[in-house]
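**Student:** test case, fold it:
(chains A and B)
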Amino acid sequence: MDLTLSDEQQALQEMIAGFASDRFDIDTVVRAFGEPGGFDRGLWAELAALGTFGIAVAEDLGGVGLGVIDAVLVHEALAGGLVPGPLVAATLAAGLVDGVIDGSVVPALLERPAHGPVVVEHLRDADVLLVVDDEGVAQVDAAGLGGTLLAHPTDPITPVTLLEAVPEGERIAGPEVAQAWRRLGSVLASAQLVGLSEATTSVAVEYAKERQQFGKPIGAFQGLKHLLADCFMRTEVARSAVWSAAVNIDEPEAGDIDRAVAAARLMAARAATENGKTGIQVHGGMGFTWEVVAHLYLKRAWVLETQFGNPDDAAELVAAAVAG
Amino acid sequence: MQLRDTPEEAAFRAELREWLAENVPKLPPEPDHTDWPGRRAYESQWQRMLFDAGYAGINWPVEGGGKGATPGEHLIYLEEASAAKAPEVTVGFVGQMHAGPTIIAEGTPEQKAHHLRGILDGSHVWCQGFSEPEAGSDLASLRTKAVRDGDHYVVTGQKIWTSNATVADYCELLVRTDPDAPKHKGITWLIMPMDLPGIEVRPLITAHGTAEFAELFLDEVRIPVANRVGEENDGWRVANVTLSFERGTGFVGEMLDTTNLMRDLVQIAKVTPKGSGTAWDDPGIRRELGTIAAELDALWAYTKRNVSAGAKGGLPMGSGSAFKLSYAGVVARLGDLALRILDRASLAMDDIGGQATGAQVHGRLHAFAVSLGGGTSQIQQNIIAERVLGLPRER
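**Tutor:** A predicted model of the protein is given here:
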C-alpha cells in the first residue's frame, strides 16, 4: 500500500503546472480560447507534444505508457492552471483516433442522450465528435454537424453548442471501450475538479493575506479562516478519493472500480463547487466581477461536475454498492 | 502508487483474518455502554488475547514491546479487526494511543520496564489528565500546580474530561511546575498512579448517559519525581508527541466502526416502513447515505495517503486536522440521517422493532465526542488556516 507521489510523479505535475503558467496565462486563456476562432491550434499541439494526451497510452501506440494515476496527476495540474480545451476528450481518444495524440485532430465528446436537444462542449473547435453509448464509441465528422453555437456559455472558456439530434456516426469501438472511457473520463474530470479546488483556494488565500480591513488582513479573522480551512479539507479528502479511484482502475483487483469512481466524483464535485463559491465570497464584491478570476474556477467546476456522471447519480451508485 | 496488498501483506491479512474468526466468538457478550467496570474486564480480556497472539501494540516499535508492523499491516489490522467486529478500543485508548507511545519516545528505562507490558497485555488502564475547567482549547494555560518537595512533586488542582478515570490504574498528568515561565514553558508530564492519597474521582455523565469522563480533584497528591516523563518544564513538547499521534491515526479505528454503523443503518432503512414502501425507497435518504459512504471511503483513502507519507518521512502538515475535521462532519451527518430514518423510533436509545436502533441514536450523540474531543473542529480549522495556509496568527 502506498498512496504518495513518487519523485517522478512530483516532477511530472511540476512540469505540467509550469507549462500551464508559462504558456496559458490568464489573458491567453480568456481572450484566445474564449472567443470564436480563438482556439490556438499551435498551443494545443505544444500541449500534446509534452505527452499530455498520450500519458496513459501504450508506448507502441505512440503514448508515454504510464498509468491512469499519472493521467490523473496531469489533469489535476492542467485544471489548476485553467488550461482550456477538450482535455478529457483528447486524453480518452489519444489511443484510438488518429491525430489526437499529437494535437492535429481536436475531438469533442458526448454521451448519447436518451432524448431531446443536447449541449456539447468544445464542438465549436473540434474536428470530430465522439459519441459514447452502451454499444461503444461512434465517430462523427464535426464539419457537417451544424448545431447552434450558444452566445452566452456559462463558463466563458468552455464554448458550447446546441445539437438538435446526434447522428449514429461510424462505430469505432465496442462496449468494453465505452465502459473504460466512462470510468476514465469520469476520473479525469474529477481530477480536474481537484485541481480547481486547490487553485481557487490558493487564489483566495493570497487575497485574504493582502486585503486589509479594520486595520488588518482579512485572513486574520476566524470567519474567513474557517471557510478557507474547510476548502483545504475538502480538497485533500477529494484528492484522496480520486487518487484511490485511479489506482483502482490500474489495479482492478483492489476494489469495486465503479464505486470508487462514483465516490471520487461526489467528493471532487463538492470540493470544486464549494471551494469555488468560497473563492468568490472571500474576494468580497470584487469576487463578483468579471475581471477577477475567482468566477472562472466555479464555472469550470460546473462544466466538469456532470461529465460522465453527476453527483446525484454517483450517490445512488454508492448507496446501491453499500446496500449490496 | 499501489493499493493492492504485497504478498507479505496478503499473508499477514489471511493469518489475521483466520485468527480473528477463531477468537472473536470466544468473547463473552459485550457489556452495555454504561457499564465501565464491565467494559474494562471485557476489553482487558481481548487485549490479553491479542497480546498472547502477538498482535498487541500493532504499530508500536519492537523495542517498545510492540509488533512493529509496517504502515500497510497496521491498516490491514484496523480494517480486519473492524470487519470481524472485534471489540472497539475504548478503555484502552489512552494507554495504547497516548501514554504508551509517549513513554516509548520519552520515558526512562525504568518507566518503560514498568508500564509498557501492562498496557500491551491489558492489565493496566490509563486515563488522561490534560484538560482543566479553565484550560480547554487553550490547554497550555493549565493551572494544576506541582511543587517539588524532595523526591516528590506535591500536586494540587482540578482536571476535567478525564476519560476512563473511574476504571483507570494510571493517569498521564500535565502539571504546572513553573508559574512564572511563558505558559508553554512551565509544564511537566507526570505518571500518576490512581491509588495515591488525595485523588478524588467524580464521574461526569455525558449527554448520551455514560460515565466515560470524570472530573479529578487533586489535593496535595505526592507523585514521585521518578514518575516524570521528559525534563521538568518540557511537558508541552512531550504532550505534543501524543497529540500528533491522536490527530494522525487515532480516529481511524473508530471511523471504520462508523462504517459498520452505516451498513447497519442501511439494513434498518430497508425494513422501516415509509409511505407505501420503506425508508430505503426514498431517493433523498439513499443519496444522503451514498454521499456519506463516499466520504467515509475517501477518508479511508486519505488515511492510506497519510500513513504511507508518514512512513516515508512524516505526516504532511495539517493532514491529521483535515482528517478529523472531515470525519467529525460525516459522523454527525450519518447520525442526522439515522434520526430521519428511525423517525419515532429515535425517541429512545433502546432497540425498537427488533433492530439495533439504539446504537444509531447513541451514535448521533457520540458525534459530539468527535467534534469536541482531541481539539474541537474550530481548533482544527485554526490549525489548518494558520499552519498550512499561512494566514495571520490569532495569538
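**Student:** need the helix or strand of chain A with the lowest average pLDDT.
**Tutor:** In chain A, no helix or strand scores lower on mean pLDDT, DSSP states H and E than helix A:34, which sits at a mean of 76.
**Student:** given the lengthiest strand in chain B, what are its sheet partners and their directions?
**Tutor:** Longest among the strand segments of chain B by residue count, using DSSP state E, is strand B:213-224. Strand B:213-224 pairs in its sheet with strand B:152-159 (antiparallel), strand B:199-204 (antiparallel), by DSSP bridges.
**Student:** so for the residue of chain B most remote from its centre, what's the pLDDT?
**Tutor:** Relative to the centre of chain B, the most outlying C-alpha is that of residue B:276, 42.3 Å out, by Cα atoms, centre = their mean. In the predicted model, residue B:276 carries a pLDDT score of 95.
**Student:** what does the one 5 residues further on give?
**Tutor:** In this model, residue B:281 is scored at 98, pLDDT.
**Student:** wait, it sits on residue B:271?
**Tutor:** No - using Cβ atoms under 8 Å as the test, residue B:281 is too far from residue B:271 to be in contact (11.6 Å). All C-beta spots, glycine's among them, are computed from the backbone N, C-alpha and C.
**Student:** so how far is the longest helix belonging to chain B off the chain centroid?
**Tutor:** In chain B, with assignment by DSSP state H, the single longest helix is helix B:283-313. Taking the mean of its C-alpha atoms, helix B:283-313 sits 18 Å from the chain's own mean (Cα atoms, centre = their mean, to the nearest Å).
**Student:** and it, what other elements does it pack with?
**Tutor:** With contacts taken as 3 or more Cβ pairs under 8 Å, 6 or more residues apart in numbering or on different chains; DSSP states H and E, helix B:283-313 sits against helix A:222-250, helix A:257-282, helix A:311-323, helix B:71-83, helix B:252-271, helix B:319-342.
**Student:** and the angle from it to helix B:71-83?
**Tutor:** Computed by axes from the mean of the first three to the mean of the last three Cα atoms, to 10 degrees, the angle separating helix B:283-313 from helix B:71-83 equals 150 degrees.
**Student:** okay, now residue B:148: neighbour count?
**Tutor:** Counted with other Cβ atoms under 10 Å in any protein chain shown, the neighbours of residue B:148 add up to 12.
**Student:** packing partners of whichever helix or strand it is part of?
**Tutor:** Using DSSP states H and E, residue B:148 maps to strand B:145-149. Judged by 3+ Cβ pairs under 8 Å, 6+ apart, strand B:145-149 is in contact with strand B:152-159, strand B:170-176.
**Student:** put the alpha carbons of the helix or strand following the shortest one into CSV.
**Tutor:** It stands for strand B:170-176. Downstream of strand B:170-176, the next assigned helix or strand under DSSP H and E is strand B:187-193. Only the C-alpha atoms of strand B:187-193 are listed here, as CSV (Å, rounded to 0.1, in the frame of the first residue of the first chain):
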residue,chain,number,x,y,z
ILE,B,187,4.5,22.4,32.1
THR,B,188,5.6,18.9,33.2
TRP,B,189,4.3,15.5,32.2
LEU,B,190,3.9,13.1,35.1
ILE,B,191,2.7,9.5,35.6
MET,B,192,0.2,9.5,38.4
PRO,B,193,-0.9,6.1,40.0
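**Student:** who are the neighbours of strand B:187-193, in terms of helices and strands?
**Tutor:** Here strand B:187-193 touches helix B:100-106, strand B:152-159, strand B:170-176, strand B:213-224, strand B:228-229, helix B:235-248, going by 3+ Cβ pairs under 8 Å, 6+ apart.
**Student:** show the average pLDDT along the shortest one.
**Tutor:** Right, strand B:228-229. Throughout strand B:228-229, pLDDT has a mean value of 98.
**Student:** and it, how far out from the chain's middle?
**Tutor:** Chain-centre distance of strand B:228-229: 22 Å, with Cα atoms, centre = their mean.
**Student:** what of the second one?
**Tutor:** The offset between the C-alpha centroid of strand B:152-159 and the centroid of the whole chain comes to 25 Å, using Cα atoms, centre = their mean.
**Student:** now what about that strand, what contacts it?
**Tutor:** Strand B:152-159 has contacts (Cβ atoms under 8 Å, 6 or more residues apart in numbering or on different chains) with B:129-133, B:143-148, B:173, B:175, B:177, B:188, B:190, B:192, B:215-225, B:228.
**Student:** who's in contact with residue B:194?
**Tutor:** Residue B:194 neighbours (Cβ under 8 Å, 6+ apart): B:127, B:165, B:168-171, B:201.
**Student:** how far away is it from residue A:256?
**Tutor:** Distance, residue B:194 to residue A:256, using Cβ to Cβ, to the nearest Å: 48 Å.
**Student:** and for residue B:363?
**Tutor:** 25 Å.
**Student:** the more surrounded of the two?
**Tutor:** More neighbours surround residue B:363 than the other of residue B:363 and residue A:256, with 22 against 15 (other Cβ under 10 Å).
**Student:** name the helices or strands packed onto the helix or strand hosting that one?
**Tutor:** Assessed by DSSP H and E, residue B:363 sits inside helix B:357-372. Here helix B:357-372 touches helix B:252-271, helix B:319-342, going by 3+ Cβ pairs under 8 Å, 6+ apart.
**Student:** repeat that for 6 Å
**Tutor:** helix B:319-342 (3 or more Cβ pairs under 6 Å, 6 or more residues apart in numbering or on different chains; DSSP states H and E).
**Student:** does chain A sit close to the helix it packs on?
**Tutor:** Yes - using Cβ under 6 Å from any Cβ of the partner chain, helix B:319-342 reaches chain A at B:322, B:325-326.
**Student:** pull the helix or strand with minimum mean pLDDT from chain B.
**Tutor:** Least confident element among the helices and strands of chain B, by mean pLDDT, DSSP H and E: helix B:235-248 (a mean of 74).
**Student:** let me see the domain layout of chain B.
**Tutor:** The record's domain parsing of chain B by automatic domain parsing lists B:7-88, B:126-231, B:251-388.
**Student:** in CSV: those domains, plus distance to residue B:103.
**Tutor:** Shown next, in CSV, are the domains of chain B (distance: least, Cβ to Cβ, whole Å):
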stretch, distance to residue B:103
domain B:7-88, 8
domain B:126-231, 6
domain B:251-388, 19
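**Student:** so for residue A:83, which of those sits nearest?
**Tutor:** Comparison of these against residue A:83 by Cβ to Cβ identifies domain B:251-388 as nearest, at 25.2 Å.
**Student:** quick check: end-to-end length of the closest one?
**Tutor:** End-to-end span of domain B:251-388 (Cα to Cα, to the nearest Å): 21 Å.
**Student:** which residues does residue B:202 contact?
**Tutor:** Each residue near residue B:202 by Cβ atoms under 6 Å, 6 or more residues apart in numbering or on different chains is listed here: residue B:215.
**Student:** partners of it in the sheet?
**Tutor:** Beta-bridge partners of residue B:202, counted by DSSP bridges, are residue B:215.
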